[in-house]
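Undergrad: sharing a sequence plus its predicted fold:
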Amino acid sequence: MTETSNSRLIYGFHAVLAKLRHDPEAIFEIYTDSKRNDPRARDLVRHAEQLGTRLIPTDGDRLDRMVGTRRHQGVVAKIDGRRKELKLADVLDGLTEPALFLVLDGIQDPHNLGACLRVADGAGAHAVIAPKDKAVGLNATAVKVASGAADTVPYVTVTNLARALREMQEAGVWILGAAGEAEKSLYTVDQRGSIAWVLGAEGDGLRRLTRETCDELVRIPMYGSVESLNVSVASGLCLFEARRQRSV
């Protein structure tokens, strides 16, 4: 199956369930692996049936060919290709487990944005959030570098980042800002509840207002001669530490 200017494919439970919950009219049809009958798959099928969405059972090999990867988790949706802006409130309302968000404060390099999306997908983050202005935006280069993650991880752009952080705080999300001078280490802060990791732009770090809005500043311990890490590498360390803590 090929995409057209009016349709595109998304895959993975996070992406397809979020679309079902918040923009079901944009879904043309959902292809599911007929061999999957676990609770997660049944939950998705139930949502789709309740909304009257067309379901097409198929085999895993066909899903592999459709999206060019085996990381579809047994679900692929054909949706309206014209992007609809996703709201932060939609993502917050759709949470079914403690939140894990990645917030990018003014990333300028599309390669870094794409790599961050890929990391967020690997860690199972519920969304990547970034400001509309003074940031690179989800352009073709970022989408390509993301290697499919631009369609699996909800990407939310906000007009005012500090206001968005406060909205998350009101929803019970603890805001952790990555800062090299912070006293607390990444490995000692409790990340088992709902959290959002905030990482700053290349070279400049967190902006003042963003820093002041965070609930807590946390550092990544550095043991060599370099003072900081690429933002996508830092994102990976932070998000996967959260996942590690939640699994023990």
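TA: Done, it's in.

Undergrad: packing partners of the lengthiest helix in the chain?
TA: In the chain, taking DSSP state H as the definition, the longest helix is helix 231-247. If contacts are counted by 3 or more Cβ pairs under 8 Å, 6 or more residues apart in numbering; DSSP states H and E, helix 231-247 sits against strand 100-105, helix 110-123, strand 174-178, strand 195-200. Any C-beta I mention is one placed from the backbone N, CA and C, and that applies to glycine too.

Undergrad: per-residue confidence averaged over the longest one?
TA: Put plainly, it is helix 110-123. The pLDDT scores in helix 110-123 average 95.

Undergrad: just checking, what packs against that helix?
TA: Helices and strands touching helix 110-123, by 3+ Cβ pairs under 8 Å, 6+ apart, are strand 100-105, strand 127-131, helix 140-146, helix 231-247.

Undergrad: the strands in the chain, which residues?
TA: Taking DSSP state E to define them, one finds strands in the chain at 7-11, 27-33, 55-58, 75-80, 100-105, 127-131, 155-158, 174-178, 184-185, 195-200, 216-219.

Undergrad: in a markdown table, list those along with mean pLDDT, distance to Pro39 and mean neighbour count.
TA: Conversion of these to a markdown table gives the following (pLDDT from 0 to 100; distance: least, Cβ to Cβ, whole Å; neighbours: other Cβ atoms under 10 Å):
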| stretch | mean pLDDT | distance to Pro39 | mean neighbour count |
| --- | --- | --- | --- |
| strand 7-11 | 82 | 19 | 20 |
| strand 27-33 | 95 | 14 | 19 |
| strand 55-58 | 96 | 17 | 13 |
| strand 75-80 | 89 | 14 | 22 |
| strand 100-105 | 98 | 20 | 26 |
| strand 127-131 | 96 | 23 | 24 |
| strand 155-158 | 94 | 27 | 20 |
| strand 174-178 | 98 | 28 | 22 |
| strand 184-185 | 96 | 36 | 12 |
| strand 195-200 | 97 | 25 | 25 |
| strand 216-219 | 97 | 34 | 18 |
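
Undergrad: domain ranges for this structure?
TA: Domain segmentation of the chain under automatic domain parsing yields 7-80, 88-247.

Undergrad: just the terminal-to-terminal distance for the longest one.
TA: I take that to be domain 88-247. Start-to-end span of domain 88-247 (Cα to Cα, to the nearest Å) is 26 Å.
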